[in-house]
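A.B. asks: Next input, structure requested:
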Amino acid sequence: MESARTTRDMVFAMLVVVVMFMQAGKWAEAQVHHVVGHHRGWDVSSDIASWSTDRTFMVGDFLSFAYSGGIEKDNVVELKSQDEFDSCNVSNPILMFTEGIDKISLQEEGSRYFVSSNIEKCKKGLKLPVQVKSISNVQAAGFLAQQPVAPSSTIKIYGSVIMVLSAIILSHVAL
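C.D. replies: Residues are numbered from 1 along each chain as shown. From the prediction side, this is the model:
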């Protein structure tokens, strides 16, 4: 009788682990941390346009901007429209980020426009248009979420947590 219970507990634990592993890929894809400009950060030399070319931005992802913040520096400005973005018109921003290291959550589907508060640098390409997609729309279109280019530029979240939880569950069941 004790052997049957132990076997049942092991089967249940294995089932939980299998389900967690199956979901881990979905959870890991749910949030991607994009470090804008990779290791050079928010700078004209980063070639932001090339950096962003093959990236997919999803609801739940984060953008991190690293730059020299403060008055009259390369602060990040979020603009309302494509026209403001194209012309580098920073006179009426939605938001201005000035900390030097800013983490921005992408919580809604749609277009967002980020530019340098320095108009000359904006005109030289220090700007980032972001088309945020919902996970369901990307899956419906048959696309897969973008895989990280390098560990320093994109960080997947939750995969490690799933592995640790699985190990804890297995260690308790084995005892």
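A.B. asks: contacts, neighbours, all on C-alpha from now
C.D. replies: Will do.
A.B. asks: what's the least confident helix or strand in the chain, going by average pLDDT?
C.D. replies: Within the chain, no helix or strand scores below strand 154-156, which has a mean of 45 by mean pLDDT, DSSP states H and E.
A.B. asks: Tell me how many other residues surround Val130.
C.D. replies: 18 (other C-alpha atoms under 10 Å).
A.B. asks: Revised request: answer the last question for Leu95.
C.D. replies: 12.
A.B. asks: Tell me who's in contact with the closest residue to it other than its chain neighbours.
C.D. replies: Once flanking residues are discounted, Leu95 sits nearest to Glu78: 5.1 Å by C-alpha to C-alpha, 6 or more residues apart in numbering. The contact partners of Glu78, by C-alpha atoms under 8 Å, 6 or more residues apart in numbering, come to Pro93, Ile94, Leu95, Met96, Arg112, Tyr113, Phe114, Val115.
A.B. asks: can we see that at 6 Å?
C.D. replies: Counting by C-alpha atoms under 6 Å, 6 or more residues apart in numbering, Glu78 touches Pro93, Ile94, Leu95, Tyr113, Phe114.
A.B. asks: Scan those residues and report the most crowded one.
C.D. replies: Phe114 (24 neighbours).
A.B. asks: The residue nearest to Leu95 belongs to a helix, doesn't it?
C.D. replies: No: counting by DSSP: H, G, I helix; E, B strand; the rest coil, Glu78 is not found in a helix; it is strand.
A.B. asks: Fine, thanks again, bye for now.
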